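Colleague: generate coordinates for the sequence data below:
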Amino acid sequence: MNNIDAVQLRKLDLNSLVALHALLSTRSVSQSAERLCLGQPAVSHILKRLRALTGDELLCRHGRRMELTPLAEALLPPLEAWLEQGQRLLRPQVFDPAALRAEYRLAMPDLLEAALLPALIVALQGQAPGLSLQVVAMPAGEVEDALERRRIDGAIGYFPHASARLGRQALFVSRFVCFYHAAQIRMPQTLRAEDLARPPHIHTSYAGDSASLVDDYLSGQGLKRRVIASTASLLAIPAVLAQLPAVAVLPDLIAGVLRRGDNGLAAQRLADAELQIGIEHLWHPRRNADPLQNFFNALVRDQSARLAERWQQSFGDIF
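Modeller: Next up, the predicted model:
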């Protein structure tokens, strides 16, 4: 609870308080009018209303001068302090990332976390060491509600059904890649739909709607794949493929995660360039003008561009 009387305050406005400060500090209607860029009759009318509101003369004529009443003298110091505070409150704040002491809660699937998070944390430590990044796992279908309820501040991933009202920036487009172990299975150099449907598949459930894109693609060609196992994490895929003549069809952004070291894992892009997903960064529109959000947007955009460039350099043999 507070002691704010909304009905009483409605009788005032900021302009009246600014005019009152001018009147009390200059002790002159004409000088106040000049300071406020108003006509003298308008300032005289404001003074009349303020006198009625306070029940006090505020300014009394003494010879050729105007003097403050005791109430006016008592009002001037707190009025100056209040106006200065209000001016600071409404003044645009200088945003300094290095001075931040805040938290940003980001929803992101594990494959993107493995690929993007290390560079993102390094960049944050260099530019905003006081900003704590909290990454949470969340299905794409829950992201919009989580943003609305302030459970998260942003989300990175594939969001084909997200509302157009959300703030969003496209980060990169990821084409699909067929992963397999060269010691277990041979795949043609140019992968067509029929080549993809032939071997058994390992599916990872983190991919959400992107998995259905593969099934829809094959269905459009009159084909269907056979999924023999579904994993909750991409980390199990290299070990499974090393022991089975099977494939996993996943976005190429996984290449940098799954093909680390000499694990024998091979990857080929599909011949159909339409089989791809767009990775986006989403946030709630109430944060569109938030300096912290804009700083984080720029950071994610920059690190994503760097990541895409590294993919091209490191995996040019398949890309």
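
Colleague: could you use CA atoms for every contact and neighbour count after this?
Modeller: Will do.

Colleague: for residue 225, give me its contacts.
Modeller: 196, 197, 198, 199, 200, 201, 215, 218 (CA atoms under 8 Å, 6 or more residues apart in numbering).

Colleague: quick one, grab the pLDDT at it.
Modeller: For residue 225, the model assigns a pLDDT of 93.

Colleague: please apply the same query to the one 3 residues further on.
Modeller: In the prediction, the pLDDT value recorded for residue 228 is 93.

Colleague: likewise residue 174?
Modeller: 83.

Colleague: start the count at 347, not 1, going forward
Modeller: Shifting the count to begin at 347 puts that one at residue 520.

Colleague: buried residues of the longest strand belonging to the chain, list them for me.
Modeller: Taking DSSP state E as the criterion, the chain has its longest strand at strand 513-527. Buried residues in strand 513-527, counting neighbours by 16 or more other CA atoms under 10 Å, are found at 514-515, 517-527.

Colleague: secondary structure element for residue 596?
Modeller: Taking DSSP states H and E as the definition, residue 596 sits inside strand 594-597.

Colleague: and that strand, how far from the chain's centre?
Modeller: 28 Å (CA atoms, centre = their mean, to the nearest Å).

Colleague: rounded mean pLDDT for that strand, please.
Modeller: 86.

Colleague: okay, now the sheet partners of it, with direction.
Modeller: strand 513-527 (antiparallel) (DSSP bridges).

Colleague: and the strand it pairs with, how far out from the chain middle?
Modeller: 20 Å.

Colleague: and stretch 641-649, by the same measure?
Modeller: Using CA atoms, centre = their mean, the offset of stretch 641-649 from its chain centre is 9 Å.

Colleague: can you point out the buried residues in it?
Modeller: 642, 643, 645, 646, 647, 649.

Colleague: residue ranges with poor pLDDT in the stretch 447-596 of the chain?
Modeller: Applying pLDDT under 70 to the stretch 447-596 of the chain picks out residues 551-557.

Colleague: got the residue ranges for the helices in the protein?
Modeller: 352-355, 360-372, 375-382, 386-400, 416-436, 456-473, 489-494, 539-543, 555-566, 583-587, 601-604, 637-660 (DSSP state H).

Colleague: count of residues packed around residue 432?
Modeller: By the criterion of other CA atoms under 10 Å, residue 432 has 12 neighbours.

Colleague: repeat that for the one 10 residues further on.
Modeller: The number of residues packed near residue 442 is 12, by other CA under 10 Å.

Colleague: list the contacts for residue 535?
Modeller: residue 614 are the contacts of residue 535 under CA under 8 Å, 6+ apart.

Colleague: from residue 614, how far out is it?
Modeller: Separation of residue 535 from residue 614 (CA to CA, to the nearest Å): 8 Å.

Colleague: check residue 620 too.
Modeller: Taken as CA to CA, the span from residue 620 to residue 614 is 15 Å.

Colleague: and those two? Which one has more around it.
Modeller: Legend: neighbour count by other CA under 10 Å for residue 620 and residue 614, higher for residue 614 (20 against 10).

Colleague: measure the more buried one to residue 550 for me?
Modeller: Counting by CA to CA - residue 614 and residue 550 are separated by 18 Å.
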